[in-house]
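Q: Any chance you could fold what I've pasted below:
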Amino acid sequence: MMALFVSGALADDTSVSLARQSLEECERGRAATDRATRLAHFEQGRLLGEQAVEKNELSADAHFSLFCNLGELLRIDGETLTSLFGFRRMMKELDRALELDPDHIDALSAKGTLLVKLPGLLGGDSKKGEQILEQVVRRAPKAVNARLALAKVRHEQGRHQEAMTLASDALAIAQQYKRTTFVSEAKAILQQLRRSGTASATASYTPRF
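A: As a prediction, the model looks like this:
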């Protein structure tokens, strides 16, 4: 019995490490500027995420790390959906992460972002997505992505000042915690918000899953 316990603990520790490495690869891929480097990081992250899930299928972090890299691989050449199978697999990993941990902040942020972004045919639900993003912003002081996604929603609703506040907060948080992949996006949103109250403030914004 003790041997089984030790074996299970080691598998769990390995899964935690693999999931962390997988997310690091996802972040490195986002920060890279050329396609080949981005692709290499996301593919490596996917492999690590798959291994993390294999080691511990009950780890929400493992499923989320796999989701992160699958999502980035899907949109490496833009926002066009290139694979319905790939999309379904990505969503399966995200939903599994939330099934295992309904309070997983990163997964909630990703879910809210996708719900406000996707068309209804692919499961989009802007009202529900907005509610999730609001929940994340209230509960997570460091949540950058949720603030950026909610800033887009607020701007589309004509609530310009709220959009400005959310984007400004997101930029400050990204700079404070050195979330470099979000800094330029937050700056772009703020710049466009300041330029025009009618043009889309998020035309160059690519939501992070």
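Q: Can you give me the buried ones in the one helix or strand residue 97 maps to?
A: Under the criterion of DSSP states H and E, residue 97 resides in helix 84-100. Using 16 or more other CB atoms under 10 Å as the test for burial, helix 84-100 gives 87, 90-91, 93-94, 96-98, 100. (Glycine included, C-beta is placed from N, CA and C.)
Q: Check stretch 33-40 too.
A: Those would be 38-39, for stretch 33-40 by 16+ other CB under 10 Å.
Q: For it, give the mean pLDDT please.
A: Stretch 33-40 shows a mean pLDDT of 95.
Q: Show me what that stretch is in contact with.
A: 29-30, 32, 72-73, 76-77 (CB atoms under 8 Å, 6 or more residues apart in numbering).
Q: Now, these that are in helices?
A: Using DSSP state H, 29-30, 72-73 are the members of the contacts of stretch 33-40 that sit in helices.
Q: ok, back up a step: which of the contacts of stretch 33-40 sits closest to residue 172?
A: Proximity of these to residue 172 was ranked by CB to CB; the top entry is residue 30 with 19.7 Å.
Q: what's the closest non-adjacent residue to that closest one?
A: Spatial nearest neighbour of residue 30, chain neighbours left out: residue 181 (4.3 Å); criterion: CB to CB, 6 or more residues apart in numbering.
Q: what's the answer for residue 58, then?
A: residue 100 (6.1 Å).
Q: In contact with the one you found, which residues?
A: 58-60, 63.
Q: Flag the shaky bits of this structure, pLDDT-wise.
A: 1-11, 79-82, 196-209 (pLDDT under 70).
Q: Tell me which stretches of it form strands.
A: Secondary structure of the chain (DSSP state E): no strands present.
Q: ranges for the helices of it?
A: 2-31, 35-55, 60-74, 84-100, 105-117, 126-139, 144-156, 160-176, 180-195.
Q: Now for the residue nearest to residue 30, how many residues are close by?
A: Neighbour count for residue 181, taken as other CB atoms under 10 Å: 17.
Q: again with the one 10 residues further on
A: Residues lying near residue 191 (other CB under 10 Å) number 12.
Q: same thing with residue 118?
A: 17.
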